[in-house]
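# generate coordinates for the sequence data below:
(chains A and B)
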Amino acid sequence: MAYTYLVTGATSDIGQALLRRLLAHAPAGSVVLAQGCGDVQKLAPLCANHPGLVRTFDVDLSDRAAVAAFAALVTEGFAPTHFVHLPALPVVNTKFKKFDEARFDRDLEVQVHSAVALARAVLPGMARAKFGRVLFIQSSYTLGAPPKNTAAYVMAKSALGGLVKSLAVEYAPFGVTVNCVAPSMMETNFLKDTPALIVEAAAADNPMGRNARPEDVAPAMEFLLGDEAGFITGVTLPVTGGSAIV
Amino acid sequence: MTEQEILAAVQEIFRDNFDDDTLVITRSTNANDIEDWDSLEQINLLTAIEKRFRIKFKLADVRGLKDVGDLLDLVARMAG
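Next up is the predicted model:
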């Protein structure tokens, strides 16, 4: 069976790592619909390596009209079998009293509202096909006590966690699984606004002595997206080197 | 750079960071003396000091800092 993977936030370091694995192992005839925002040229090497298999979409997920148009395009033109939602704004380390409300709202738009809109668009088709895989990325910050000063990020990630559990039970009868991975701090471009000392401290405090890397997380994602993971749903799989254990 | 010059520059950074133009720090000032001085502010202070003195702290350098005196000694060593 050929698959259609819809991957939002595909231009991120973890998105690209996942796409490389999916494209290497996907059944013949599969395609990837890859969303980025102003940076889809990052996917050029992948497109070149897999001619015709990757279709890129430049969509601003903080714009509801753009998300609605994208959702319509994806459902009318394709029938995604897999939906992977990765977008997030870089973490801002700020005290709650100093939080910028506009930024707070934007975090919710990009991470949560776009997830809701796209899930609503793709899940009915998956249910009809009696097969589907939905995967979100949370964070070890949502396991146990979060670090201070990351309220917007933790709130948005926790909302995704609630969405995953709800969708998991609602769509389980239709062969659709909905899961999360929750990596600990991952050393990617996502941390560009995080002071180096915070990144170093996280690595030093991790039982494995380092932070996560995309190549640690992508295999866990690929597993949850695989055919053989069909009885696993509603879970948040920590990929943390032991820094957060549930 | 003398210790006094370093102290003056660090005091400016503290005043800016804690939004308090009257703040006066001494060698013995520590996190218990300034209400908002928590782990995040510590990172913000260190990041501003790195920029001002064009130095780069390592985690091991800054984990054991007890007070402003320790901080000034570290900056003096690194800034030469």
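# CA atoms for contacts and neighbours, from now on please.
Will do.
# got the buried residues for stretch A:219-234?
Residues A:220, A:221, A:222, A:224, A:225, A:230, A:233, A:234 are the ones in stretch A:219-234 that count as buried (16 or more other C-alpha atoms under 10 Å in any protein chain shown).
# then stretch A:185-199?
Those would be A:185, A:186, A:187, A:190, A:191, A:196, A:197, A:198, A:199, for stretch A:185-199 by 16+ other C-alpha under 10 Å.
# from the residues you listed, which is closest to chain B?
residue A:197 (6.1 Å; C-alpha to the nearest C-alpha).
# kindly report the residues of chain B close to chain A.
B:40, B:43, B:47, B:57, B:58, B:59 (C-alpha under 8 Å from any C-alpha of the partner chain).
# got those residues as TSV, with pLDDT, secondary structure and neighbour count columns?
Listed next are the residues of chain B next to chain A as TSV, based on pLDDT from 0 to 100; DSSP: H, G, I helix; E, B strand; the rest coil; neighbours: other C-alpha atoms under 10 Å in any protein chain shown:
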residue	pLDDT	secondary structure	neighbour count
B:40	76	helix	17
B:43	87	helix	17
B:47	89	helix	17
B:57	92	coil	16
B:58	89	coil	12
B:59	88	helix	15
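# nearest to chain A among the residues you listed?
Looking across the residues of chain B next to chain A and measuring by C-alpha to the nearest C-alpha, the closest to chain A is residue B:59, at 6.1 Å.
# confirm for me that the closest one is in contact with residue A:202.
No - taking contacts as C-alpha atoms under 8 Å, residue B:59 lies outside contact range of residue A:202: 10.2 Å.
# which residues touch the nearest residue to residue A:233 once chain neighbours are set aside?
Leaving aside its chain neighbours, residue A:233 sits nearest to residue A:177 (4.9 Å; criterion: C-alpha to C-alpha, 6 or more residues apart in numbering or on different chains). With contact set as C-alpha atoms under 8 Å, 6 or more residues apart in numbering or on different chains, residue A:177 has these partners: A:132, A:133, A:134, A:168, A:171, A:230, A:231, A:232, A:233, A:234.
# could I get those residues as CSV with distance to residue A:67?
CSV is the format used below for those (distance: C-alpha to C-alpha, whole Å):
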residue, distance to residue A:67
A:132, 21
A:133, 20
A:134, 18
A:168, 23
A:171, 23
A:230, 29
A:231, 31
A:232, 29
A:233, 26
A:234, 25
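# looking at these, which is nearest chain B?
Using C-alpha to the nearest C-alpha, those come closest to chain B at residue A:234, 33.7 Å.
# if I've got this straight, residue B:24 is in a strand?
No - looking at residue B:24 with DSSP: H, G, I helix; E, B strand; the rest coil, it is coil, so not inside a strand.
# what score does the nearest residue to it once chain neighbours are set aside have for pLDDT?
Distance criterion C-alpha to C-alpha, 6+ apart; nearest residue to residue B:24, sequence neighbours excluded, is residue B:11 at 6.8 Å. On pLDDT, residue B:11 comes in at 95.
# and the one 3 residues further on, by the same measure?
According to the prediction, residue B:14 has pLDDT 94.
# what about it, distance to chain A?
Using C-alpha to the nearest C-alpha, to the nearest Å, residue B:14 is found at 17 Å from chain A.
# so what touches stretch A:129-145?
Residues from elsewhere that reach stretch A:129-145 (C-alpha under 8 Å, 6+ apart): A:81-86, A:123, A:126, A:146-147, A:154, A:157-158, A:160-161, A:164, A:174-185, A:221, A:224-226, A:236, A:238-240, A:244-246.
# in that stretch, what's buried?
Buried, per 16+ other C-alpha under 10 Å, within stretch A:129-145: A:131-143.
# quick check: the farthest pair among the residues you listed?
A:131 and A:141 (30.7 Å; C-alpha to C-alpha).
# how far does stretch B:36-46 sit from the chain's center?
Here stretch B:36-46 shows a centroid-to-chain-centroid distance of 9 Å under the convention C-alpha atoms, centre = their mean, to the nearest Å.
# related to what we said a few turns ago, turn the buried residues of stretch A:185-199 into TSV, including distance to residue A:24, pLDDT and secondary structure.
Below are these laid out as TSV (distance: C-alpha to C-alpha, whole Å; pLDDT from 0 to 100; DSSP: H, G, I helix; E, B strand; the rest coil):
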residue	distance to residue A:24	pLDDT	secondary structure
A:185	26	95	coil
A:186	23	95	strand
A:187	23	93	coil
A:190	25	86	helix
A:191	27	88	helix
A:196	34	87	helix
A:197	36	87	helix
A:198	35	87	helix
A:199	31	90	helix
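# output these as a markdown table; include the columns distance to residue A:13.
Listed next are the buried residues of stretch A:185-199 as a markdown table, based on distance: C-alpha to C-alpha, whole Å:
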| residue | distance to residue A:13 |
| --- | --- |
| A:185 | 13 |
| A:186 | 10 |
| A:187 | 9 |
| A:190 | 8 |
| A:191 | 11 |
| A:196 | 18 |
| A:197 | 21 |
| A:198 | 20 |
| A:199 | 17 |
